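A.B. asks: just need the structure, nothing else, for what follows:
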Amino acid sequence: MAATPQNPAASAPRRKVSRHRGEGQWAMGHFTPLNGNEQFKKDDDGLNVRTRIETIYSKRGFDSIDPNDLRGRMRWWGLYTQRKPGIDGGKTAILEPEELDDKYFMLRVRIDGGRLTTQQLRVIGEISQEFARGSADVTDRQNIQLHWIRIEDVPEIWNRLEAVGLSTTEACGDTPRVVIGSPVAGIAEDEIIDGSWAIDEINRRFIGSKEFSNLPRKFKSAISGSPLLDVVHEINDIAFVGVEHPEHGPGFDLWVGGGLSTNPKIGVRLGAWVPLDEVPDVWAGVIGIFRDYGYRRLRTRARLKFLVADWGAEKFRQILEDEYLERKLVDGPAPAEPLQRWRDHVGVHRQQDGNFYVGFAPRVGRVDGTTLAKIADLAEAHGSSRVRTTVEQKMIVLDVTEDQVDSLVEALEALDLTARPSSFRRGTMACTGIEYCKLAIVETKARGSALIDELERRLPDFDEPLTINLNGCPNACARIQVADIGLKGQLVLDDQGEQVEGFQVHLGGALGLEAGFGRKVRGLKVTSEELPDYVERVLRRFQAEREDGERFAAWASRASEEALS
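C.D. replies: Alright, predicted model coming up:
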């Protein structure tokens with residue numbers, strides 16, 4: 001048909017009509033796997049791999065492991081292959097997984113709420129010494145990670161952990177991972193409400209259950225009744241934050257959709273007040289939404305934060321109430337901003353019962369098996385049977401009588417575990433880094449420890465609260481975007497034009513007080529060797545230019561690019 005003024009479409013190009021593939025949301029009827037991860041999860045639940053580890057892989061060795069188990073399902077039991085030694089950061093994104101894999105594993109011990117008995121801590125220390133070459137790191141999610149684990153030893157390690165009530169169940173993978181909690185729950189004098197029961201009930205009902213063992217991606221949870229907001233609630237998939245309701249009393253404010261990595265988002269309040277006995281059901285409702293409505297097509301968009309951003313708080317709450325809880329939630333108040341800048345519980349603090357707890361700072365979370373066993377011994381020698389880990393890579397001994405406090409503090413100092421740290425020792429965190437991590441580009445743990453020493457020497461009188469977070473890659477396991485000084489590992493050019501390890505710098509991030517992400521100065525990158533000089537220079541400018549009482553984050557947000565360079 002010829003084109004005419006009455007029929008212009010006859011000459012127009014035919015528009016291609018295509019169907020949207022959807023985002024793989026089960027609630028929308030999209031059950032066909034849209035990527036390799038979704039396929040291997042459909043083929044076999046990750047929890048089922050334990051039987052193969054115990055009956056096949058531990059007996060036949062590393063080379064017998066199916067690739068989908070090795071780099072997929074074994075994470076459901078806390079196992080990641082670690083990086084083969086000697087591979088530099090420039091090859092991280094180039095080599096195939098089998099070229100990066102060492103024949104050893106990182107094993108993550110799940111420690112919900114950061115709660116350990118001295119017996120449990122001692123067992124972890126003994127496992128470290130016997131099976132992990134003495135390695136041990138306290139993470140910023142209250143877990144302890146071991147390295148150099150052989151597949152042949154995993155069943156025996158599980159037996160020893162489970163004999164004292166510990167596990168690695170769903171410590172990794174597309175699962176509900178460790179539920180972090182206030183490390184001083186039930187003992188702090190200023191606590192609003194103790195969330196320990198809810199953490200235990202979530203574990204009892206849901207962890208290791210196939211109800212939530214196939215999520216779009218990982219799911220991070222936090223429960224704390226501390227007014228210090230000590231569980232970084234703003235960057236969890238779900239968080240319950242202690243508040244006092246004017247009519248109903250103490251309970252929890254509900255947050256959803258936080259997370260960092262390469263697309264950071266601060267969580268949002270749903271405006272709902274949740275009593276303690278309803279926390280597990282509400283938790284199950286939120287994770288149920290994630291399981292059913294979460295995006296499964298692209299791994300880069302498979303976190304709950306993307307669904308929350310698309311729906312908004314109002315729709316999310318409505319779906320939660322109408323489809324999952326089948327009742328309305330009570331409206332409630334927001335948490336008050338914490339009165340203290342430090343939220344790590346380091347130092348000596350009085351408990352509700354008149355005893356004291358003592359928080360201390362390992363170097364960037366790096367300890368070892370021998371040290372863990374000695375901490376257990378010291379705690380017991382000073383009358384305590386309980387220790388805690390924190391989300392700042394710190395540790396705490398509980399239940400110390402007043403007459404034992406000074407002795408414990410001195411004994412910890414002798415192990416280089418100070419309860420009276422400098423701001424630099426207290427505020428510096430580091431992820432695993434290139435030493436073990438297959439995603440990393442640069443070294444972090446040793447670099448962070450050396451940075452502490454240099455800054456203590458150069459700025460001995462600096463006593464402002466300050467966080468310095470080092471990350472080996474863009475994935476933000478060490479929370480670089482919300483640190484005063486966040487350091488994202490990458491390769492940079494030195495003065496001779498050579499490619500060397502270095503960092504992109506983020507400045508002025510914060511949680512709790514005016515939560516937000518750090519500022520990136522255009523083109524600002526430093527080599528690892530230049531790092532102490534750079535940090536010293538910026539901190540001296542802060543000291544010279546700050547207004548009375550001004551925090552580093554506030555100064556960094558208004559400072560000139562020249563002052564930050």
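
A.B. asks: Glu326: how many residues sit nearby?
C.D. replies: When neighbours are counted by other C-beta atoms under 10 Å, Glu326 registers 8. All C-beta atoms are positioned from the backbone trio N, CA, C, and that covers glycine.

A.B. asks: pLDDT score assigned to it?
C.D. replies: At Glu326, the model reports a pLDDT of 97.

A.B. asks: got it, and Gln496?
C.D. replies: In this prediction Gln496 is given a pLDDT of 89.

A.B. asks: check for me that it belongs to a helix.
C.D. replies: No - using DSSP: H, G, I helix; E, B strand; the rest coil, the assignment for Gln496 is coil, not a helix.

A.B. asks: so how far is Arg558 from the residue nearest to Ser385 when sequence neighbours are not counted?
C.D. replies: The shortest distance from Ser385 to any non-neighbouring residue, by C-beta to C-beta, 6 or more residues apart in numbering, is to Thr118 (5.1 Å). With distances taken as C-beta to C-beta, to the nearest Å, Thr118 is found 48 Å from Arg558.

A.B. asks: more neighbours, those two?
C.D. replies: Higher neighbour count among Thr118 and Arg558: Thr118, with 20 against 12, using other C-beta under 10 Å.

A.B. asks: right, and that one touches Ala376 too?
C.D. replies: Yes - shown here, Thr118 and Ala376 form a contact pair, counting by C-beta atoms under 8 Å, at 4.2 Å.

A.B. asks: joint contacts of these two?
C.D. replies: Applying C-beta atoms under 8 Å, 6 or more residues apart in numbering, one finds that Thr118 and Ala376 are jointly contacted by Val387.

A.B. asks: which residues touch the residue nearest to Ser385?
C.D. replies: By C-beta under 8 Å, 6+ apart, the neighbours of Thr118 are 376-377, 379-380, 384-387.

A.B. asks: okay, those in JSON lines with pLDDT, secondary structure and neighbour count next?
C.D. replies: Shown next, in JSON lines, are the contacts of Thr118 (pLDDT from 0 to 100; DSSP: H, G, I helix; E, B strand; the rest coil; neighbours: other C-beta atoms under 10 Å):
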{"residue": "Ala376", "pLDDT": "98", "secondary structure": "helix", "neighbour count": "25"}
{"residue": "Asp377", "pLDDT": "98", "secondary structure": "helix", "neighbour count": "15"}
{"residue": "Ala379", "pLDDT": "98", "secondary structure": "helix", "neighbour count": "28"}
{"residue": "Glu380", "pLDDT": "98", "secondary structure": "helix", "neighbour count": "14"}
{"residue": "Ser384", "pLDDT": "98", "secondary structure": "coil", "neighbour count": "24"}
{"residue": "Ser385", "pLDDT": "98", "secondary structure": "coil", "neighbour count": "14"}
{"residue": "Arg386", "pLDDT": "98", "secondary structure": "strand", "neighbour count": "17"}
{"residue": "Val387", "pLDDT": "98", "secondary structure": "strand", "neighbour count": "25"}
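
A.B. asks: farthest pair within the residues you listed?
C.D. replies: Asp377 and Arg386 (14.2 Å; C-beta to C-beta).

A.B. asks: residue contacts, Ile235?
C.D. replies: 258-260, 264, 266-267, 479, 482, 511.

A.B. asks: just the ones of the residues you listed in helices?
C.D. replies: Using DSSP state H, no member of these falls within helices.

A.B. asks: go ahead and flag the most central residue of the protein.
C.D. replies: Residue closest to the average C-alpha location in the chain (C-alpha atoms, centre = their mean): Arg141, at 4.4 Å.
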